[in-house]
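**Student:** How does the following fold in three dimensions:
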Amino acid sequence: MRDSNFRRSVICLCEHSTEEGSLGFILNKPINMKVTDLIQDLPTDKDFFVRYGGPVATNTIHYIHSIGDLLEDSVEIMKGVYWGGDFEKLKFLIESGLVTPQNIRFYIGYSGWSPGQLDEEMEYGSWVSGDLYPNYVFKTKAKNLWKQALTNKGDTYTVIAQMPKGISLN
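**Tutor:** As a prediction, the model looks like this:
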């Protein structure tokens, strides 16, 4: 992928529809910013850091978490991984200590595709699809995630995961 927004990116696809389009978040692009720098009334003294979710609507904040059973209106992406939910309730859960930096990720912006666009990009070979594991979202360090995801796919992808960033170094 030549687009610098997506080079060596791992994306959690949250919504995919041929008619409506697709939406996801880049999991492995941290930003040196705390969510409290953006949302002043978030009741916490813990360090909840923000990540770059993608180039669309970078004036919005989204979140993926593991507390869907506690947070109404969450959308289950897969077992143990949820998207969104009632923000006022989330603030209460953070203040109560029931949500910690280990079980939620905040994102500025998102990655979006118009109807059919992602399907076309997949057909062209612009993306490599794979399974999402909760550890990718909540435990694997951002700098290791791309390599880990490819290594977990095995075969040729393990070799690709070992390639240096600079093409001239291959």
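
**Student:** Need the three-state assignment for residue 120.
**Tutor:** With DSSP: H, G, I helix; E, B strand; the rest coil as the basis, residue 120 sits in helix.

**Student:** and it, how many neighbours does it have?
**Tutor:** Residue neighbour count, defined by other C-beta atoms under 10 Å, stands at 11 for residue 120. Every residue, glycine included, has its C-beta placed from N, CA and C.

**Student:** Relative to residue 21, how far out is it?
**Tutor:** 12 Å (C-beta to C-beta, to the nearest Å).

**Student:** And residue 154, by the same measure?
**Tutor:** 31 Å.

**Student:** Neighbour count for the two, which is higher?
**Tutor:** Neighbour totals were compared for residue 154 and residue 21, and residue 21 leads with 15 against 8 (other C-beta under 10 Å).

**Student:** Now do the contacts for the more buried one.
**Tutor:** Taking C-beta atoms under 8 Å, 6 or more residues apart in numbering, we find residue 21 in contact with 15, 112, 113, 114, 115, 117, 118.

**Student:** And residue 79, by the same measure?
**Tutor:** residue 134.

**Student:** and with 10 Å instead?
**Tutor:** Neighbouring residues of residue 79 by C-beta atoms under 10 Å, 6 or more residues apart in numbering: 66, 68, 134.
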